[in-house]
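K.L.:
Task: produce atomic coordinates for the following.
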Amino acid sequence: MTISEVLHEDGVDSEVYELVNKDDAQQNEKSDKSRVDVTVPDGGWGWMVVLGSTLSHCLLPGLGRTFGVIYLVLLERFQESAGKTSLVLAIFNTCRQLFGTVAGMLAERFSCRACVITGGVIMLLGCVISAFATSLFYLYISFGIITGLGGGLIFAPSYIIVAQYFDKKKGRAMSFATIGSGLGMIALAPILDLLLHHYSLYGCFLILGAIQFNNCVSGCLFRPLPKHRKVQEEVKPVKTSSCAPDGRLALLRNSAFLV
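P.N.:
Alright, predicted model coming up:
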């Protein structure tokens, strides 16, 4: 029983009753809004987020697991021991995991979209710089640390954003997202071998940078959840008039829908 109902039974003045009743309505409205805010889409645009996460897992872990193709070329070119040559990939994987913890905090402070797009740009720069490598130490810095930093900014947010968009279907969404790792291993190994055969190590790193730059496409799909809710609220009125002759044009004129 609400406060207004108690007052009504006690025969309180009608003006007081109306004020209390209005206050109850406001409290109910706030509670309804809070319940809406904690809900997750569990589908809809969330599947586009899963697609972006799958692409990121295809490009990033796929590269880490197929780097052995480049390793053989590095071993022959710099004539160093297997241990020193393997440090290039070891530093890359270590930096990717270490910076992943920082990326989680940055994703909460800014957004998963901003982190992944920034990581894609850094990976592009790291691969381009690596194309001019003159020693293994050079690659430790350019590919191991710089490219690893970019990978760290991509890896953790790609998981976080999927968890934000799904609740009941979270397991299914995560399984679809991690499929990218296997697809990346299958696809990148022959691609890297082809690039090394036709364009040498220099061209391979340049094109590899362009490939990793596609992580920015994934980042664009990672629409922040608060912004997604705002977009849904702004698009709803447009949907009611979408049956009109100019309904589709009205959707295209809605900036929130396009973002």
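K.L.:
Give me the below-cutoff pLDDT ranges for the stretch 1-150 of the chain.
P.N.:
Scanning the stretch 1-150 of the chain with the threshold set as pLDDT under 70 gives 1-38.
K.L.:
switch the cut-off to 80
P.N.:
The stretch 1-150 of the chain contains residues with pLDDT under 80 at 1-41.
K.L.:
mind listing the helices for it?
P.N.:
Secondary structure of the stretch 1-150 of the chain (DSSP state H, counting those that start in this stretch): helices located at 3-9, 14-38, 46-66, 68-78, 82-109, 112-130, 136-139, 148-165.
K.L.:
Could you say which one of those comes nearest to Ala187?
P.N.:
Of all these, helix 46-66 sits nearest to Ala187, with 6.9 Å by C-beta to C-beta. Every residue, glycine included, has its C-beta placed from N, CA and C.
K.L.:
could you dump the closest one to CSV, C-alpha only?
P.N.:
The C-alpha atoms that make up helix 46-66 are tabulated as CSV, following Å, rounded to 0.1, in the frame of the first residue of the first chain:
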residue,chain,number,x,y,z
GLY,A,46,24.5,-6.4,-30.0
TRP,A,47,25.0,-8.9,-32.9
MET,A,48,26.9,-6.2,-34.8
VAL,A,49,29.1,-5.8,-31.7
VAL,A,50,29.7,-9.5,-31.8
LEU,A,51,30.7,-9.2,-35.5
GLY,A,52,33.2,-6.5,-34.6
SER,A,53,34.6,-8.6,-31.8
THR,A,54,34.9,-11.6,-34.1
LEU,A,55,36.9,-9.4,-36.6
SER,A,56,39.2,-8.2,-33.8
HIS,A,57,39.9,-11.7,-32.7
CYS,A,58,40.5,-12.8,-36.2
LEU,A,59,43.2,-10.1,-36.7
LEU,A,60,44.9,-9.9,-33.3
PRO,A,61,45.2,-13.4,-31.9
GLY,A,62,45.4,-14.7,-35.4
LEU,A,63,48.5,-12.7,-35.9
GLY,A,64,50.1,-13.9,-32.7
ARG,A,65,49.5,-17.6,-33.6
THR,A,66,50.7,-17.3,-37.2
